[in-house]
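Chemist: no letters, just coordinates:
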């Protein structure tokens with residue numbers, strides 16, 4: 001287990017999985033990515049995105 005990984009989603013599309021990684025800053029994220037995630041066996045291409053903000057609303061969307 002990698003403590004910084006909060007969720008793993010199996011998705012359709014160009015990539016097979018999406019991980020939500022929590023890090024203190026960009027340097028910490030790079031450390032987790034290079035030392036813990038990129039070293040996983042069987043890993044192919046990796047694309048990283050940074051979430052700038054997230055809006056959550058109570059109840060259903062729509």
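Modeler: Received, thanks. Everything numeric in this text was worked out from a predicted model, so none of it was measured. Residues are numbered from 1 along each chain as shown.

Chemist: low-scoring stretches of the chain, by residue?
Modeler: Counting by pLDDT under 70, the chain has low-confidence residues at 62.

Chemist: where along it do the helices fall?
Modeler: Secondary structure of the chain (DSSP state H): helices at 26-32.

Chemist: can you name the residues that contact the residue nearest to residue 36 when sequence neighbours are not counted?
Modeler: With C-beta to C-beta, 6 or more residues apart in numbering as the criterion, residue 36 has its nearest non-adjacent residue at 5.0 Å, and that residue is residue 2. For the C-beta atoms, the positions are set from N, CA and C on the backbone; glycine is no exception. Contacts were defined as C-beta atoms under 8 Å, 6 or more residues apart in numbering; by that measure residue 2 touches 32, 36-37.

Chemist: where along this structure do the strands fall?
Modeler: Taking DSSP state E as the criterion, the chain contains strands spanning 5-10, 17-21.

Chemist: name the stretch among these that sits most buried.
Modeler: Greatest average neighbour count among the strands of the chain goes to strand 17-21 (a mean of 13), per mean count of other C-beta atoms under 10 Å.

Chemist: report the inter-axis angle for it versus strand 5-10.
Modeler: For strand 17-21 against strand 5-10, the angle by axes from the mean of the first three to the mean of the last three C-alpha atoms, to 10 degrees is 170 degrees.

Chemist: would CSV of the strands of the chain with distance to residue 57 be doable?
Modeler: Output for those, formatted as CSV (distance: least, C-beta to C-beta, whole Å):
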stretch, distance to residue 57
strand 5-10, 19
strand 17-21, 19
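
Chemist: nearest to residue 42, of those?
Modeler: Taking C-beta to C-beta, strand 17-21 is the member of the strands of the chain nearest to residue 42, at 11.3 Å.

Chemist: which outside residues touch the closest one?
Modeler: Strand 17-21 is contacted by residues 4-11, 29, 32-33, 37 when judged by C-beta under 8 Å, 6+ apart.

Chemist: taking those together, which two end up most distant?
Modeler: 10 and 29 (22.1 Å).

Chemist: now the buried members of the contacts of residue 2.
Modeler: Using 16 or more other C-beta atoms under 10 Å as the burial test, the contacts of residue 2 include 32, 37 as buried.
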